[in-house]
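[1] This is a predicted model, with the sequence first.
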Amino acid sequence: MIQLERKDSEEKLKRIEWLLKPKSFEKEQYLPNYGDLTKLNKNGIIINSVDKNILIDFTSDFLDLLETSSAIYEKNGDYALGIFSSNWCRFLDQSSRDLCSTENNKEALESGKWLCHESCWTQASKKSIETGQEIDIECNGGLHLYSVPIRAENEIVGSINFGYGDPPKDQEELKNIAEKYKVSLNELSELSYSNETRPPFITDLAKRQIKRVARMIGYIIERKKAEEKAIESERKYREAYDKANFYKELIAHDMNNILQTIQSSVELYNLFQKSPENFKYRKDVFDIISSQVFRGANLVSNIIKLSEIEETKFPTKIIEAKRILDNSIEHVYRSYQGLKLNIKVETDMMKIYLKANELLSDLFENLLVNAVKHNENPEIEIQIKISEEILNEIRYIKFEFVDNGIGIPDEIKQELFEKSIDRKRSKKGLGIGLSLVKQIISSFNGTIHIENRIKGDYKKGSDFIVLIPTAD
């Protein structure tokens, strides 16, 4: 009786001897021959929200107790972490990877031959994600797998699992595993008998711990999402503030210039009425007022269009462009009757079909107005032809708006299309029209750039070159 009690005590003591031994395994340093599976995970919410070292620290809490294996999966099955602590798990995992007959890890994972992956993901973690419940199964390698879903913001975003229990020691069971994994029975037996048994209370403790880990991972993801929402809200607020400030300054500046010019013209007209010898110039004054009214209307229209195009996706459709261009030219002629304006169109195409939208008239009109303003005797030549350029198998119509204006230095050509307040050019207007032109052309999937009318001499005028996709 005493001997039986002593033997029972020795067995119980032996079952907890491992607690007194220093741990020799290094989870974070072990890398299987096939590499790191987390590299296949590009956009996972877990891997992008929780630092890898934190995940390793979390899993250490229960792997220090079990010394087996653990995996953390995204909802779609991508690995966020995979750790093999025991020789048994490492050996069988690598052996089943070798069964896949491919060097490509993605193909191997999808082959159904990677037995340890099938146990960890398909039979355990995937089911815990689908059911929202804890899953406890016997794996292909003779151990048990315990899997817990990971929740964040009341949604399941992944799963975490670990292996537990002793490898089988029954020779028949070992033989079946050796045949399944195509490994040596002797080697498998040695690994089985070298395993140190954990008492049941240790497994229960690890199960409680893995649930806490799942909650902590979910909490970190929620905090990360909250931070991203805060950053996005701040970005949108700043964008809205900048946009409002831009339009406020734009209207205050350009409209003020327009009103001042109109006011000066009215005062001049009143003086002409009192001075009969100068009364003949009243038409010139009316022309100035008319052009400024048009400029003000164009400014307001452009602001509205620019705001709409920033917030609305305008779908393209087949449009006959020649008629729209002719209408835009006629409108500009009417608006600038006081100028010696000359606009010529050179093309051998009677009709021009483009993939564009209703903003095409705004595009043409703003390019024309840009060439007319600040020029007492504007001459504009519009050349239209099929472009020789083919980008991404798309053909384009090439429009060149060539003017004899003040020209544009190379260093500010790109700036002209940016929506910004430039104090250096404030006396000449703020260029909202060209900003709109750029946005409209982008909505057509077209391009625009500027060249000097005469090579090397920007003061002789500019050539605005526009490419717009054809309808064919």
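    Done, it's in.

[2] my guess is I220 meets I47, correct?
    No. The pair I220 / I47 is not scored as a contact, 11.8 Å apart, by Cβ atoms under 8 Å. Just so you know, the C-beta spots here come from the backbone N, C-alpha and C atoms, and that holds for glycine as well.

[3] what's the pLDDT at the nearest residue in space to L92 that is not next to it in sequence?
    Leaving aside its sequence neighbours, L92 sits nearest to G141 (Cβ to Cβ, 6 or more residues apart in numbering; 4.4 Å). Per-residue confidence at G141 stands at 94 (pLDDT).

[4] Can you report phi and psi for G141?
    phi -90, psi 10 (degrees, to the nearest 10).

[5] Can you give me the distance of it to S328?
    Distance, G141 to S328, by Cβ to Cβ, to the nearest Å: 75 Å.

[6] and the residue nearest to L92, how many residues sit next to it?
    Neighbourhood size, G141 [other Cβ atoms under 10 Å]: 25.

[7] That one is in contact with N87, isn't it?
    No. In this structure, G141 is not within contact of N87 by Cβ under 8 Å, at 12.0 Å.

[8] just to revisit the earlier point, which ones are touching the residue nearest to L92?
    W88, C89, L92, L115, C116, S119, G163, P167, I177, Y181 (Cβ atoms under 8 Å, 6 or more residues apart in numbering).

[9] Can you get me the start-to-end distance on stretch 148-165?
    End-to-end span of stretch 148-165 (Cα to Cα, to the nearest Å): 17 Å.

[10] wait, stretch 72-87
    End-to-end for stretch 72-87, by Cα to Cα: 20 Å.

[11] before we move on, what about stretch 97-110?
    End-to-end distance (Cα to Cα), stretch 97-110: 11 Å.

[12] buried residues in it?
    R97, D98, C100, N105, A108, L109 (16 or more other Cβ atoms under 10 Å).

[13] Likewise for stretch 144-164?
    144-152, 156-164.

[14] so of the residues you listed, which ones are in strands?
    Using DSSP state E, the members of the buried residues of stretch 144-164 that fall in strands are 144-152, 156-164.

[15] can you give me the strands for the protein?
    Using DSSP E, strands in the chain cover 69-74, 79-84, 135-138, 144-152, 155-164, 317-320, 342-346, 353-356, 379-391, 394-403, 447-454, 457-469.

[16] Could you tell me the angle between the first one and strand 144-152?
    Following axes from the mean of the first three to the mean of the last three Cα atoms, to 10 degrees, one obtains 30 degrees for the angle between strand 69-74 and strand 144-152.

[17] what do you get for the fifth one?
    Calculated by the same axes, to 10 degrees, strand 155-164 forms an angle of 160 degrees with strand 144-152.
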